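Asks: generate a structure from the sequence data that follows.
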Amino acid sequence: MYVGGDCNMEVVSGVLFSMEESIQAKLLVVGATSREKAVTVQEAHLDMQEQNWIHYIAGGLFARVKKAAANLYYV
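Replies: Alright, predicted model coming up:
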């Protein structure tokens, strides 16, 4: 069993969870709560790390962060 290092699955899961929570909170603050109210990453004030992760987080079958057309996001 591999223990330690940045490839540890628990570390990756923790980063993914914290990024998703941070992105979701910022989308809620700007009122992006539906497809009609979806915003860009700039309007949501996402930092560079969040902008890089949103492509992995948004739009999955059970994702809480959704992607609308033309790179707009909402929760």
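
Asks: and the helix or strand of the chain with the lowest mean pLDDT, which residues are buried?
Replies: Every helix and strand of the chain was ranked by mean pLDDT, DSSP states H and E. The lowest is helix 9-29, at a mean of 88. Neighbour-count burial for helix 9-29 flags Met19, Glu20, Ile23, Gln24, Lys26, Leu27 (criterion: 16 or more other C-beta atoms under 10 Å). Every C-beta, even on glycine, is put in place using the N, C-alpha and C of the backbone.

Asks: now distance to Ala44 too, for the residues you listed, in CSV please.
Replies: Putting the buried residues of helix 9-29 into CSV (distance: C-beta to C-beta, whole Å) gives the following:
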residue, distance to Ala44
Met19, 13
Glu20, 13
Ile23, 8
Gln24, 10
Lys26, 5
Leu27, 5
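
Asks: circling back to that earlier point, give me the contacts around the least confident helix or strand of the chain.
Replies: By C-beta atoms under 8 Å, 6 or more residues apart in numbering, the residues outside helix 9-29 that reach it are 33, 39, 44-46, 49-50, 53-54, 56-57, 64-65, 73-75.

Asks: out of these, list just those in strands.
Replies: Tyr73, Tyr74 (DSSP state E).

Asks: which one of the buried residues of helix 9-29 is nearest to Ala69?
Replies: Of all the buried residues of helix 9-29, Ala69 sits closest to Leu27, with 16.1 Å by C-beta to C-beta.

Asks: sec struct for Phe62, please.
Replies: coil (DSSP: H, G, I helix; E, B strand; the rest coil).

Asks: check it and give its pLDDT.
Replies: pLDDT, Phe62: 86.

Asks: before we move on, what about the one 3 residues further on?
Replies: Confidence at Val65, expressed as pLDDT, is 95.
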